[in-house]
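Q: when you get a sec, could you give me coordinates for this:
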Amino acid sequence: MTKLSLNKVESFIKDLDQNPQLKQQFDADPKDTLIKKAASNPKNDVWIYRLVVSALSLVLLVVTTGILINVKEIQAADKVITIIASIGSAVIGALAGLLAPSANQDDN
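A: Prediction:
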């Protein structure tokens, strides 16, 4: 089962007030409507997660490959190495944040 936070419930109530078609669906079958609404949450979409992790990994590989190929040129340019290091560490931080388990995640 998906845990519903207060923000999600408030958002759903707001959607019910603004969308008459959703209100009709909810009146007809509340359980099915809630399940569909919870399933449409982008946090539950595995492919978005995989796409973001793949893109960040690709950026990290490109930066690392670029550093290894152009070592001599990069050593001559002080500002370029700072920019490349910043991009690389930002990507590593983003990957770590995405791949770390959530603290409020259920073990079910």
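
Q: from Ile87, how far off is the most far-flung residue of the chain relative to its centre?
A: When distances to the mean C-alpha position of the chain are computed (Cα atoms, centre = their mean), the maximum falls on Ala76, with 37.1 Å. Counting by Cβ to Cβ, to the nearest Å, the separation of Ala76 from Ile87 is 19 Å. Just so you know, the C-beta spots here come from the backbone N, C-alpha and C atoms, and that holds for glycine as well.

Q: ok, and the closest non-adjacent residue to Phe26?
A: Thr33 (4.5 Å; Cβ to Cβ, 6 or more residues apart in numbering).

Q: what's the single longest helix in the chain?
A: In terms of residue count, the longest helix belonging to the chain (DSSP state H) is helix 46-69.

Q: residues making contact with that one?
A: 42, 74, 84, 87-88, 91-92, 94-95, 98-99 (Cβ atoms under 8 Å, 6 or more residues apart in numbering).

Q: for the worst-scoring helix or strand of the chain on mean pLDDT, packing partners?
A: The helix or strand of the chain with the lowest confidence, counting by mean pLDDT, DSSP states H and E, is helix 71-76 at a mean of 73. Helices and strands touching helix 71-76, as assessed by 3 or more Cβ pairs under 8 Å, 6 or more residues apart in numbering; DSSP states H and E, comprise helix 78-99.
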